[in-house]
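1. take this sequence and fold it.
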Amino acid sequence: MIVVHAADDLRDAILERRIAGHSVGFVPTMGAMHAGQLSLVERARVQNGCVVVSSFVNPHAFSTLDERDPGERDHDRDLALLERAEVDIAFLPDVTTLYPPGDTTRVTVEGLTRRLEGASRPGHMDGLTTVMLKLIHLVGPARLYMGQRHAQQVVLVRRMLRDLFMNTELVVCSTVREDDGLALSSANARLGIEERHAASCLYNALNAAMAAYDSGERSAEVLRWRMTDVVSAEPKARIDYISVADAGTLDELQRVSGPAIALLAVWIGRVRLTDNMPLASDLA
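-> A predicted model of the protein is given here:
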């Protein structure tokens, strides 16, 4: 595995693989590797001759409330896991590499970056789309791998790829979960024992919505109530948002009549967790 920090070194390393005839699969991360992220690497490894993984905490999309503090990243641990996963190129840029002095360009996906996570964390989703566009331009991947857990990011990036005529296929991989259903996230490590038990309310709430949908319920308001009831019953939980939205536009629905997704963000103590579940069809 080659570890690079500079944009030119990244391009040179990828060019060698392209000359050798390899397609490039790209997995963008913020480090703090866990099994969910490594599942994306595994999928990319199967489908491509060259796998590139980036590790970058974006200052324009961070303070991320559902991730570890940037200072807690253990690059040696992450690189060991990536080496074991047979990654070809690990890209660890510093801030000035992706945001050189005088950088003022930002990317907004109108109608999508201001809602849900964008409403709760102003500027976060614009920062996400901006850095993602920079990374895609640098890597030039045939395929980009993202997890279903970050459903809003998936919708944003899919729209950006389409609108800007970018020749990259988006591959969405299923959420990896703990035995009790909690979606894997670096934030989980900050939960105490009681909080960790309380966090299962997110998955239970999504399952309640899915069960109602499978039983024929199509009122989005009723589905939101089902999730709200489950989360509200947990004393350690505080709701940020609960949504039943169109899977392509993230518009809040009155009735579910096509592809839709249930999403929620919940504070468990001082830790903010997010999760989602497709109701009518998967986003992939």
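
2. the helices in the stretch 101-250 of the chain, which residues?
-> 117-120, 124-139, 151-163, 193-198, 200-214, 220-232 (DSSP state H, counting those that start in this stretch).

3. in the helix or strand bottoming out on mean pLDDT in the chain, what counts as buried?
-> Ranked by mean pLDDT, DSSP states H and E, the weakest helix or strand in the chain is helix 117-120, scoring a mean of 88. Within helix 117-120, the residues that count as buried by 16 or more other CB atoms under 10 Å are 117-118. Yep, even glycine has a C-beta here, placed from its N, CA and C like the rest.

4. where does the spatially closest residue to Met30 that is not a sequence neighbour land in three-state SS?
-> Of all residues not flanking Met30 in the chain, Val57 sits nearest, at 5.1 Å (CB to CB, 6 or more residues apart in numbering). Recorded secondary structure, Val57: coil (DSSP: H, G, I helix; E, B strand; the rest coil).

5. so what's the residue count around Val57?
-> 20 (other CB atoms under 10 Å).

6. so which strand or helix has the closest residue to His150 other than its chain neighbours?
-> Distance criterion CB to CB, 6+ apart; nearest residue to His150, sequence neighbours excluded, is Thr274 at 7.9 Å. Using DSSP states H and E, Thr274 falls within strand 271-278.

7. ok, the nearest residue to Ala198 once chain neighbours are set aside - how many residues close by?
-> Closest residue to Ala198 apart from its sequence neighbours, by CB to CB, 6+ apart: Lys236 at 4.0 Å. Residues lying near Lys236 (other CB under 10 Å) number 17.

8. now do the spatially most central residue of the chain, the pLDDT please.
-> The chain has His150 as the residue nearest its centroid, 3.3 Å off, counting by CA atoms, centre = their mean. Predicted confidence (pLDDT) for His150: 94.

9. same thing with Thr64?
-> Thr64 is given a pLDDT of 36.

10. i'd like the first residue to be 32 from this point on
-> Shifting the count to begin at 32 puts that one at Thr95.

11. excluding chain neighbours, what is closest to Arg235?
-> Wrong residue type there; residue 235 is Asn, not Arg. Val261 (5.2 Å).

12. ok, now how distant is that neighbour from Gly212?
-> Val261 is 12 Å from Gly212, where distance means CB to CB, to the nearest Å.

13. what is in contact with those two at once?
-> By the contact definition CB atoms under 8 Å, 6 or more residues apart in numbering, Val261 and Gly212 are jointly contacted by Asn235.

14. so these two - more neighbours on which side?
-> Val261 (22 against 15).

15. residues contacting that one?
-> 232, 235-236, 239.

16. perfect, that will be all.
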